[in-house]
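Novice: take a look and give me a structure for this.
(chains A, B, C and D, ligands or ions: 4)
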Amino acid sequence: MTGKKRPRARRSARAARRVDGSSLRGLSAESSLRLHFELLRARRVEEKLAELYKEQEMRTPTHFSVGQEAVAVGMCAALRSDDVVFSGHRCHAHYLAKGGNLAALVAELYGRESGAARGRGGSVHLSDMSVGMVAASAILAQTIPVAVGSALAFQMDGSSRVAVTFFGDGAVDEGVFHESLNWAAVKRLPVVFVCENNLYATHSPLSVRLPRGTEIYRRAQMYEMSAEELDGNDVYAVYRSARRAVTQCRGGRGPVFLECATYRWLEHVGPLDDSERGYRTAREIESWKRRDPVKRSAKALKARGLASSATFQQFESQIAEEIAKAVAEAKQAPWPDPRDLLKNVY
Amino acid sequence: MTGKKRPRARRSARAARRVDGSSLRGLSAESSLRLHFELLRARRVEEKLAELYKEQEMRTPTHFSVGQEAVAVGMCAALRSDDVVFSGHRCHAHYLAKGGNLAALVAELYGRESGAARGRGGSVHLSDMSVGMVAASAILAQTIPVAVGSALAFQMDGSSRVAVTFFGDGAVDEGVFHESLNWAAVKRLPVVFVCENNLYATHSPLSVRLPRGTEIYRRAQMYEMSAEELDGNDVYAVYRSARRAVTQCRGGRGPVFLECATYRWLEHVGPLDDSERGYRTAREIESWKRRDPVKRSAKALKARGLASSATFQQFESQIAEEIAKAVAEAKQAPWPDPRDLLKNVY
Amino acid sequence: MRTRTYAEAIAEALVQGMAQDPDVFIMGIGVDDHKGIFGTTRPAYEKFGRARVFDVPIAEQALTGVAIGAAAMGKRPVVVHARNDFMFLATDQMINLAAKWRYMYGGASSVPIVVRSIVGKGWGQGATHSQSLQALFGHFPGLHVVMPALPRDAKGLTLAALQARAPVVILEHRALYETRGPVPEAPEPTPLGTASIVREGRDLTVVAVSLMLVEAMRAADLLAPLGISLEIVDCRSIRPLDAETILGSVRKTGRVVVADTSWLAFGLSAEVAAICAESALGHLKSPVRRIGLADCPAPVSVPLERAFYPDRHTIAAECLRSLDRDVSILPEFAPEVSAFQGPY
Amino acid sequence: MRTRTYAEAIAEALVQGMAQDPDVFIMGIGVDDHKGIFGTTRPAYEKFGRARVFDVPIAEQALTGVAIGAAAMGKRPVVVHARNDFMFLATDQMINLAAKWRYMYGGASSVPIVVRSIVGKGWGQGATHSQSLQALFGHFPGLHVVMPALPRDAKGLTLAALQARAPVVILEHRALYETRGPVPEAPEPTPLGTASIVREGRDLTVVAVSLMLVEAMRAADLLAPLGISLEIVDCRSIRPLDAETILGSVRKTGRVVVADTSWLAFGLSAEVAAICAESALGHLKSPVRRIGLADCPAPVSVPLERAFYPDRHTIAAECLRSLDRDVSILPEFAPEVSAFQGPY
Ligand SMILES: Cc1ncc(C[n+]2csc(CCOP(=O)(O)OP(=O)(O)O)c2C)c(N)n1
Ligand SMILES: Cc1ncc(C[n+]2csc(CCOP(=O)(O)OP(=O)(O)O)c2C)c(N)n1
Ligand SMILES: [Mg+2]
Ligand SMILES: [Mg+2]
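Specialist: Numbers count the residues shown, from 1 in each chain, chains lettered A, B, ... in the order given. Ligands and ions are numbered 1, 2, ... in the order given. The predicted model follows:
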């Protein structure tokens, strides 16, 4: 496959390189800093979880978002807390960015009763209704029509709420992706489709799954909805597009599709580096790590004089403290009681 | 819905009117006459079946193709007998055009052992493997990926055979439509997708199912395959496009999509006129009947002096005779033996 | 009491449920057309209009996901499939998501969707338009599955579904749509999870569901003149199954025949036989007997269709065998051709 | 005899089948990657290359339809799903088309596809990655459904599937992949439709399938020292079910415990109990006992997972109950945490 893979991968790498620096255009100092903080937080949380995962105490298959956090953070920053978000198997960053409780995330990975799904769902079934993180799911593309349905409810109620669904490039292959875009467009529903195109589905490159030359966002345009491709490793760019998209939805002008070019740093599932596995090249991985969304965001803030090393230091320690507390709590937390096994089936 | 329906319906009506006359450009006298004969035959067969259906002796839900025959005839005339065809619930014309045995069709509707599916399948499950009419199915869009799979087999064998799948505008809504086009395009398979856009799915107008402004064939182009829209009521136009499509497939240059604008004359299922039902206007029905593919084809042949009333008379009597024989045979034919009920399950 | 047809009973339940709860809405292919799903959605459409009763793209999987998403936001969507066979396209959303939602997300939310779908039969509808999916949906925890046989329950179970917390699959039977029976005007839900003894008897218990319940009643009428008294249990709730009511009757009569609208293997007849073998073994005077579809896809041709479907005579004959009585004492039946001529 | 792991046995069957029949090819997500479906497709990929072992778009429904279409043209496609749960997206193609094809089209053609899929368990794989769909596919006529428990049958049933006329669903169990046992080198198919008595015994019959068969063997070892002799039937063929072998054993021992990898309701345990109630009633000395998953979606947390899955101890305890023996005579077990840590 590698032979077939290369050209397409390079093409998208270029797509991202086009917009290499990060620009804060149109953003207040405050929101720029908030975006960076959320970005850094998502990164540090997942780095820590990946490290702890190796202790084999989190018995739940886990797909880390390291490297892709800017999409989640930029998109969710444009949402109100009564807007709703749906995700797939790679859902930690979406959960955190929407305001999902960190302690509950860690506790869920440790299988505790205090977990986000009370130890019933695991890493791939995060939910925090209190902040509008409705559901993540391990079945590919499964929550895409569900987001559309939430948007239908908002439209019927004449509310201005918006639904967002995050999914990968692999979900684009599934039939329900097509059915859902069509549904949303026919009924002009307030839903934002966010595709995190990280070039691979498990170990399959795009070339195996989409006809050469395919631009995912241009497919979306065929459903008569506005769609754009953007640099998913530039949190500010994502935020600007997200704001436009959400404004359009709230205005009742129908769904929006955002294709975000980004890249997964760790193995498909699990905490390890997989650059030796041969399905992607070290060169490719390196070229993407050079476009680290966190570093780019920090660089932009510094350049604009909005943050100093001290600022970042303070962010780091605040986050480290929060994580340490969540982990300590989770490890102490009580297990679910087997006598509750049959509760909440109906 | 009617309010929403009108504009779209008018638009497509225009699409068809654009090419109102039929041109024999590029066709030999012989093939022009053969096309007309096949067209007339499909029409007369279905008219007769619809008439007989009212006797309530054909106990199988039947979807007549009257008004849409030019698509089946034009497409199948471009095929070899070792090419294969798949269809959906409205399959009589496809079966006949591909060379399916008429007596077996009539016998199937009468539920006889001599039927195309030996009385097991009924009107919606026609098959005649001997001529490459592989399968029709009552589940919407179900045979689309199956045609793609046959094309995969041809490609693996390095053969020049082509697979064709006929479906309606309603099938376009289904997820497997998208999955199948994507599959065929990724693997550049020799398959022709033929969409008979008759503006309705059961009683639902396009406006309920596709975003306003949707051109089905342009969606297909997004899969990086060649696609065109054409007048499905002009058998010669269909034939010319079909030949181009088949040539491209045989040449290994990947799949082709043909959107054929046409119109159903009878009710969705059953032999009756349904113009009183209110889901489509008498004006619309009339405007389409003026574009009767059979009349247009006859007119073109006469204009070019290729056929006289005598020719048509001879066609008519030849066809009438064939039909009468098939019907008489079917009514005499033995019923399946209930003792064979459990045969051919595995 | 006033009588209504099965179809009218469903239509009335929908109208009353929508009047009671503004969050209820109906969507499905053709729910708003002139036929209105054999009349069942037409009154709701006329009363509440297209804002709450609307047509949809033909995409069963997305349709189900859309219903789930709306339900998660507090709506009570009613999805309608003209044939339950079309739900094969939605099994992932139904079983991998709706059924598991409440449990899998820790009990914090639920998705109370109602899925109405119709079992087809007759006029050669064939292999893909005449299946009966109760076993499929009954096997997986998380869904309620019901199959009304009587107009009363067609209304009552629909009303109950509209008030349930869990997703509910209602499998209606096309061949029952025109049947008529007592139906209270007031919106009285039939409790989910309950079977009902529709005819008391002495000699043998017939556990039947949907159309087979009606056939069982007719079988009872055939056997009564022979001095044989059947007790008939309407197994209207597939999941949860009302084992107590079934077992109570079996323990009383000591004999049981199970009549299902689907195939035997891994079906309702298997589950009922199994609970008897687990919990009523000592009471069984003769082997459990199972009645269902012939073990092949549904054929189309009339003589094959007739051999494929069991009916009152099949039930009566099995009852006689269970009682060690000579089957030949049954009057010869001219197996009738159903009067059904559509609409399908 | 030489031994192989379950995974190696499958891999060998595929290589031998592909060598014998040039029309056999394998397609599925990741069949050609470095992991090669836990090694089962890797040898075939290395030997036959990407022309006959290839990766596909993530579209289970089309994938299945594509396999059907290729089979109709004379190919023998092997479709692989890393989790059988993903087949919910393909049930229409599997049940509404593949299973009915030969019958529905009058017997003129058939579509011999082979669908390999894996049942997951452990490491908190959760509600949608650990189901076991034998009852779903077993209910509908037209498919063969098999579940190998032993490496020998993992090879033999795969070979048989590659020669069958009807579509075959093979449900493999992830927890068995590393188990090792005798596997003949020669390509010897295990006949479809047969169960096998893997351990002869006197006191009680355990009918078990897949992973539960292995657990049943361990239960037998636990009970042997107590002087209890179990006969164990490997119900490796779900459809057709080998009723004769099962009933033969039950009639001999007079007691039966059924252990399935799925839920009880409408499951394999129900079907086996039902045939006993129909055809071995007179021989049963005690009620049929059923073992399966707890009646809820699969939870993730370790203590819940442990309570959710039955194992050798559950089986041993049910056997004692069936024998009216005191369960407390069983040694106290520290319910072990499985060593499994993926890959999933
Ligand atoms: C319906 C279904 N098919 C297959 C899988 C197995 N699977 C899990 S993740 C994955 C790849 C997803 O790729 P993508 O959507 O690009 O997301 P990414 O992992 O790259 O973030 C696959 C095939 C699944 N979970 N669900
Ligand atoms: C999966 C599925 N959903 C719904 C139906 C019911 N149905 C039968 S035909 C039809 C409309 C088909 O419309 P179209 O594809 O445009 O074909 P046409 O009837 O216009 O020729 C529908 C919805 C079905 N048969 N299969
Ligand atoms: Mg990806
Ligand atoms: Mg149409």
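
Novice: from residue A:322, how far out is residue A:48?
Specialist: As defined by C-beta to C-beta, to the nearest Å, residue A:48 lies at a distance of 10 Å from residue A:322. Backbone N, C-alpha and C define where each C-beta goes, glycine included.

Novice: with residue C:312 instead?
Specialist: Between residue C:312 and residue A:322 the computed distance is 71 Å (C-beta to C-beta).

Novice: more neighbours, those two?
Specialist: Neighbours were tallied for residue C:312 and for residue A:322 using other C-beta atoms under 10 Å in any protein chain shown; the higher tally belongs to residue C:312 (20 against 15).

Novice: okay but that one is in contact with residue C:211, surely?
Specialist: No: look at residue C:312 against residue C:211 with C-beta atoms under 8 Å: they stay out of range, at 10.6 Å.

Novice: tell me the confidence at the residue of the stretch 51-200 of chain C found nearest ligand 4?
Specialist: Of all residues in the stretch 51-200 of chain C, residue C:58 sits closest to ligand 4, at 9.9 Å by C-beta to the ion. As summarised for this prediction, residue C:58 has a pLDDT of 98.

Novice: so what's residue A:1 scoring on pLDDT?
Specialist: Residue A:1 carries a pLDDT value of 27.

Novice: can you tell me the closest non-neighbouring residue to residue A:239?
Specialist: residue A:74 (4.0 Å; C-beta to C-beta, 6 or more residues apart in numbering or on different chains).

Novice: the one you found is in what secondary structure piece?
Specialist: Residue A:74 belongs to helix A:69-76 when assigned by DSSP states H and E.

Novice: helix or strand next in line after that helix, which one?
Specialist: Next helix or strand after helix A:69-76 toward the C-terminus (DSSP H and E): strand A:84-87.

Novice: tell me what that next one is packed against?
Specialist: When contacts are defined as 3 or more C-beta pairs under 8 Å, 6 or more residues apart in numbering or on different chains; DSSP states H and E, strand A:84-87 sits against helix A:92-97, strand A:133-136, helix A:144-156, strand A:163-168.

Novice: hmm, the longest one in reach of chain C?
Specialist: Yes: taking C-beta under 8 Å from any C-beta of the partner chain as the criterion, helix A:144-156 and chain C are in contact, through A:144-154, A:156.

Novice: with distance to residue A:299, pLDDT and neighbour count as added columns, please give those in JSON lines.
Specialist: Shown next, in JSON lines, are the residues of helix A:144-156 next to chain C (distance: C-beta to C-beta, whole Å; pLDDT from 0 to 100; neighbours: other C-beta atoms under 10 Å in any protein chain shown):
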{"residue": "A:144", "distance to residue A:299": "34", "pLDDT": "98", "neighbour count": "31"}
{"residue": "A:145", "distance to residue A:299": "39", "pLDDT": "99", "neighbour count": "34"}
{"residue": "A:146", "distance to residue A:299": "38", "pLDDT": "99", "neighbour count": "34"}
{"residue": "A:147", "distance to residue A:299": "34", "pLDDT": "99", "neighbour count": "33"}
{"residue": "A:148", "distance to residue A:299": "38", "pLDDT": "99", "neighbour count": "31"}
{"residue": "A:149", "distance to residue A:299": "41", "pLDDT": "99", "neighbour count": "33"}
{"residue": "A:150", "distance to residue A:299": "37", "pLDDT": "98", "neighbour count": "35"}
{"residue": "A:151", "distance to residue A:299": "36", "pLDDT": "98", "neighbour count": "30"}
{"residue": "A:152", "distance to residue A:299": "42", "pLDDT": "98", "neighbour count": "27"}
{"residue": "A:153", "distance to residue A:299": "42", "pLDDT": "98", "neighbour count": "24"}
{"residue": "A:154", "distance to residue A:299": "38", "pLDDT": "98", "neighbour count": "24"}
{"residue": "A:156", "distance to residue A:299": "45", "pLDDT": "98", "neighbour count": "18"}
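
Novice: from those, which is closest to ligand 2?
Specialist: residue A:145 (15.6 Å; C-beta to the nearest ligand atom).

Novice: quick one: which of the helices and strands packed on strand A:84-87 is nearest residue A:270?
Specialist: Closest to residue A:270 of the helices and strands packed on strand A:84-87 is helix A:92-97 (C-beta to C-beta; 13.4 Å).

Novice: residues in contact with the residue in the stretch 151-300 of chain C that ligand 1 sits nearest to?
Specialist: Nearest residue of the stretch 151-300 of chain C to ligand 1: residue C:167, at 20.1 Å (C-beta to the nearest ligand atom). Residues near residue C:167 by C-beta atoms under 8 Å, 6 or more residues apart in numbering or on different chains: C:71, C:94, C:98-99, C:101, C:111-115, C:142-144.

Novice: pick the one among the residues you listed closest to ligand 3.
Specialist: Ranked by distance to ligand 3 (C-beta to the ion), those are led by residue C:101 at 25.3 Å.

Novice: the helices and strands packed on strand A:84-87: which one's closest to residue B:105?
Specialist: Taking the helices and strands packed on strand A:84-87 one by one with C-beta to C-beta, helix A:144-156 is closest: 39.1 Å.

Novice: for ligand 2, what's the nearest residue on the stretch 101-250 of chain C?
Specialist: residue C:129 (7.5 Å).

Novice: where's that residue, which helix or strand?
Specialist: Residue C:129 belongs to no helix or strand, assigned by DSSP H and E.

Novice: so how far is residue C:82 from it?
Specialist: Residue C:129 is 9 Å from residue C:82, by C-beta to C-beta.

Novice: let me know the secondary structure of residue A:300.
Specialist: helix (DSSP: H, G, I helix; E, B strand; the rest coil).

Novice: run a quick neighbour tally on it.
Specialist: Neighbourhood size, residue A:300 [other C-beta under 10 Å]: 21.

Novice: tell me who's in contact with it.
Specialist: A:21-24, A:32, A:236.

Novice: tell me how many other residues crowd the nearest residue to residue A:296 once chain neighbours are set aside.
Specialist: The shortest distance from residue A:296 to any non-neighbouring residue, by C-beta to C-beta, 6+ apart, is to residue A:22 (4.6 Å). Other residues lying near residue A:22 total 26 when counted by other C-beta under 10 Å.

Novice: on the pLDDT front, check residue A:22 for me.
Specialist: For residue A:22, the predicted pLDDT is 78.

Novice: which helix or strand contains residue A:195?
Specialist: With DSSP H and E as the test, residue A:195 turns up in strand A:191-197.

Novice: for that strand, name the packing helices and strands.
Specialist: helix A:69-76, helix A:144-156, strand A:163-168, helix A:175-186, helix A:216-221, helix A:235-250, strand A:256-261.

Novice: got the CA coordinates for the longest one in CSV?
Specialist: So that's helix A:235-250. Provided in CSV are the C-alpha atoms of helix A:235-250 (Å, rounded to 0.1, in the frame of the first residue of the first chain):
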residue,chain,number,x,y,z
VAL,A,235,-6.1,26.2,16.8
TYR,A,236,-6.8,29.8,15.8
ALA,A,237,-7.7,28.9,12.3
VAL,A,238,-10.0,26.2,13.5
TYR,A,239,-11.6,28.6,16.0
ARG,A,240,-12.3,31.2,13.3
SER,A,241,-13.9,28.7,11.0
ALA,A,242,-15.8,27.2,13.8
ARG,A,243,-17.3,30.6,14.8
ARG,A,244,-18.4,31.2,11.2
ALA,A,245,-19.9,27.7,11.1
VAL,A,246,-21.8,28.1,14.4
THR,A,247,-23.1,31.5,13.4
GLN,A,248,-24.5,30.1,10.1
CYS,A,249,-26.2,27.3,12.0
ARG,A,250,-27.7,29.5,14.7
